[in-house]
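>>> I need the structure of the sequence given here:
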Amino acid sequence: MKIALINGSPKVQGSASGSLLEDLQASFPAGAEPVGISLHRAAIEEDTLGKIQQADALVISCPLYVDGLPGH
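Sure, this is the predicted structure:
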């Protein structure tokens, strides 16, 4: 099973969202295939969309800014 781990933080490195996704991977069952995806740009590339479409499950982690997702 492919699991897309989508990091929606605008930070390229050192984000709490990314750390949470890394910690979550430790609890995945054997045979799970995590696919890391970072969305810190305004546009999503075609290959990234393909990875998301091929995933069996999506896990989205992003910071909360005034009760809304990041605007980027």
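>>> just for the protein, where's the confidence low?
Along the chain, the parts satisfying pLDDT under 70 run over 66-72.
>>> repeat that for 90
For the chain, applying pLDDT under 90 flags the ranges 8-16, 26, 39-44, 62-72.
>>> And the strands in it, which stretches?
Ranges of strands in the chain, per DSSP state E, are 2-7, 33-38, 57-61.
>>> Among the ones you listed, show me which one is buried the most.
Using mean count of other CB atoms under 10 Å, the stretch among the strands of the chain with the largest mean neighbour count is strand 2-7, at a mean of 20. For glycine as for every other residue, the C-beta is placed from the backbone atoms N, C-alpha and C.
>>> can you give me how far that one is from the chain middle?
5 Å (CA atoms, centre = their mean, to the nearest Å).
>>> what are the C-alpha coordinates of that strand, in PDB please?
The C-alpha trace of strand 2-7 is given here as PDB (Å, rounded to 0.1, in the frame of the first residue of the first chain):
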ATOM      1  CA  LYS A   2       1.400   3.400  -1.000                       C
ATOM      2  CA  ILE A   3       0.800   6.100   1.500                       C
ATOM      3  CA  ALA A   4       1.500   9.700   0.400                       C
ATOM      4  CA  LEU A   5       2.900  11.800   3.200                       C
ATOM      5  CA  ILE A   6       2.100  15.400   2.200                       C
ATOM      6  CA  ASN A   7       4.000  18.100   3.900                       C
END
